[in-house]
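Here is a sequence with its predicted model. Questions after.
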Amino acid sequence: MVHIHFIAIGGAAMHNLAMAVASKPGYKVTGSDDEIFDPALTHLREAGLLPDETGWHPERITKDIDAVILGMHAREDNPELVKARELGLKIYSFPEYLYEQTKDKIRIVVGGSHGKTTTTAMILYVLQRLGIEADYMVGAQIEGFERMVRLSDSAKYAVFEGDEYLTSPLDLRSKFLWYHPHIAILTGIAWDHINVFPTFPQYVDTFRKFVNSIEPSAVSHQKSAFIYYQGDENLRLLAEEVSHQPSAISCIPYDAYEGDVKMQVFGKHNMQNLQAAMLACHCIGVAPNDFYREISTFTGASNRLEKICETTDSVAYKDFAHSPSKLKATINAVRERYPEKKLIACMELHTFSSLMADFLPQYKDCMAEADEAFVYFNPKVIEHKRLTPITKEEVREAFGTKNVEVFTESAALQERLKDISYTNTALLMMSSGTFDGVDVKDFACKLLSR
């Protein structure tokens, strides 16, 4: 029996990996965390993996543990981590362990500042529909998939969403540098994670390292591939660098899908994601016509432009969008889809980058296409993250358009949204958080049904 212990098991990716490992024959999984919230709480309880009490318990770290997986939520002085290092246990980060489990498979990795979750979900959806087995890690729930991570001994392929954020408290490299893809996708580069990459050139450089980490194909008659959005100048430059290297890597540009097959998803950005997914699938032998036929029924990944409510004349969506490029692309997609409707867009500044005063100017004109736009942030979150305080006036000035109102109290924002008429309206709620505990779907449906 292989015993794997997870430090910070309650994370979104970590608890899914724990369940995937626990489902493999011959594996025993234990874990710990100082706080666990839903959906991880419910998922771990149902899987029989929920720790019997919260907190860190170094006395439970013993020599019979075969490996420890360290989550990003844990700090370097975590008592269990300190004990594991004292005992000389093997310690993996989340991405390092994924690579370890899939190093003999053909790996497809999707990176980029935006669209990587949706693109990964599209690849997995089509492969499943065609009966092609794959291990995977994706950052959202996909219809028809039990969890967000799968590991097996039988799959030939592994498909990963590649995140450029830090690996772990012990490893400050980008996560996706661990995966060494044979087929790599980059959807675009738009500055994010300013707390990790203080300048845009530093941000671009981590994507350069990712491209340079592409491995030669494990199949003799196939070349490895770098698939990139041709409308991004920085990606074109990276592709040019690759083309000048004596390597067996094909550089494949793409743009938005413009075919005749009717799709359930919409927006120019999603059509770009779709085309990237098709090219990746084609690299492992899927015919384009088969891909387009199957993807036509794909409705999207959870929280990625997800329709949450609809009435006879109005509709509401929620989206994970929080960075400037994601925010603008999502609002523009809804505007294009519903040109005759009033568009009300509401977003929460929640991440480190979005709450940093130096980064705020990146949001200029991002919500210009909305008829009414609302931005919310909680000053207590800024204090918790130990960031320099920002003001409502600074945020309003940064967004730069007269349609933007800024709120620092969730209750006040909710009351303002209740004052609006939602006749012939498209409502868009965007956040990587919850607007401080709001059930976004329930709230949006109540607004539209009044």
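Done, it's in. Keep in mind the model is a prediction, meaning the values are calculated, not measured. Numbering: from 1, shown residues only.

all contacts plus neighbour counts: C-alpha atoms, from now on.
Fine.

leaving aside the residues next to it on the chain, what's closest to residue 238?
If you skip the residues right next to it in sequence, residue 238 has residue 208 as its closest partner in space, 6.5 Å away by CA to CA, 6 or more residues apart in numbering.

neighbouring contacts of whichever strand or helix holds the one you found?
Per DSSP states H and E, residue 208 falls inside helix 200-212. For helix 200-212, the surrounding residues in contact (CA atoms under 8 Å, 6 or more residues apart in numbering) are 164, 174, 176-177, 180, 184, 189, 191-192, 197, 226, 234, 238, 242.

can you tell me which of the residues you listed lies nearest to residue 344?
The shortest distance between residue 344 and any of these, using CA to CA, involves residue 192 and amounts to 24.9 Å.

For residue 159, give me its contacts.
Applying CA under 8 Å, 6+ apart, one finds that residue 159 lies in contact with 107-110, 120, 123-124, 134-137.

Go through the helix or strand containing residue 29 and flag the buried ones.
Using DSSP H and E, the element containing residue 29 is strand 27-32. Using 16 or more other CA atoms under 10 Å as the burial criterion, the residues of strand 27-32 that qualify are 28-32.

for the stretch 151-300 of the chain, what spans make up the helices?
Secondary structure of the stretch 151-300 of the chain, counting by DSSP state H, counting those that start in this stretch: helices at 200-212, 233-243, 268-283, 288-295.

Show me what the helix or strand following the last one pairs with in its sheet, parallel or antiparallel.
Spelled out, it's helix 288-295. Later in the chain than helix 288-295, the nearest helix or strand by DSSP H and E is strand 306-310. Looking at strand 306-310 with DSSP bridges, its paired strands and their directions are strand 315-319 (antiparallel).

Show me which residues of the strand it pairs with are buried.
315-319.

With stretch 178-196 instead?
The neighbour-count criterion (16+ other CA under 10 Å) identifies 178-194, 196 as the buried residues of stretch 178-196.

Then stretch 325-338?
325-335, 338.

Can you tell me which of the residues you listed end up in helices?
325-335 (DSSP state H).

Dump the residues you listed to a markdown table, plus distance to residue 60 and pLDDT.
Output for those, formatted as a markdown table (distance: CA to CA, whole Å; pLDDT from 0 to 100):
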| residue | distance to residue 60 | pLDDT |
| --- | --- | --- |
| 325 | 44 | 87 |
| 326 | 42 | 87 |
| 327 | 44 | 92 |
| 328 | 48 | 91 |
| 329 | 47 | 89 |
| 330 | 46 | 92 |
| 331 | 49 | 95 |
| 332 | 51 | 92 |
| 333 | 50 | 91 |
| 334 | 51 | 94 |
| 335 | 54 | 95 |
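
Closest to residue 262 out of these?
residue 333 (16.3 Å).

what about the closest one, distance to residue 266?
Counting by CA to CA, to the nearest Å, the gap from residue 333 to residue 266 is 7 Å.

about what we covered before: which one of the helices of the stretch 151-300 of the chain lies nearest to residue 262?
With respect to residue 262, and counting by CA to CA, the nearest of the helices of the stretch 151-300 of the chain is helix 288-295 at 9.1 Å.

What is that closest one packed up against?
Taking 3 or more CA pairs under 8 Å, 6 or more residues apart in numbering; DSSP states H and E as contact, the helices and strands that helix 288-295 lies on are helix 116-129, helix 268-283.

can you state the direction angle for it and helix 116-129?
Using axes from the mean of the first three to the mean of the last three CA atoms, to 10 degrees, the inter-axis angle of helix 288-295 relative to helix 116-129 is 100 degrees.

Direction included, what does the helix or strand bottoming out on mean pLDDT in the chain pair against?
Taking all helices and strands of the chain together, the one with the lowest average confidence (mean pLDDT, DSSP states H and E) is strand 166-168, at a mean of 86. Next to strand 166-168 in the sheet, as set by DSSP bridges, lie strand 171-174 (antiparallel).

pLDDT of the partner strand, averaged?
When pLDDT is averaged along strand 171-174, the result is 88.

quick one: it to chain centroid distance?
On the basis of CA atoms, centre = their mean, to the nearest Å, the separation between the geometric centre of strand 171-174 and that of its chain is 17 Å.
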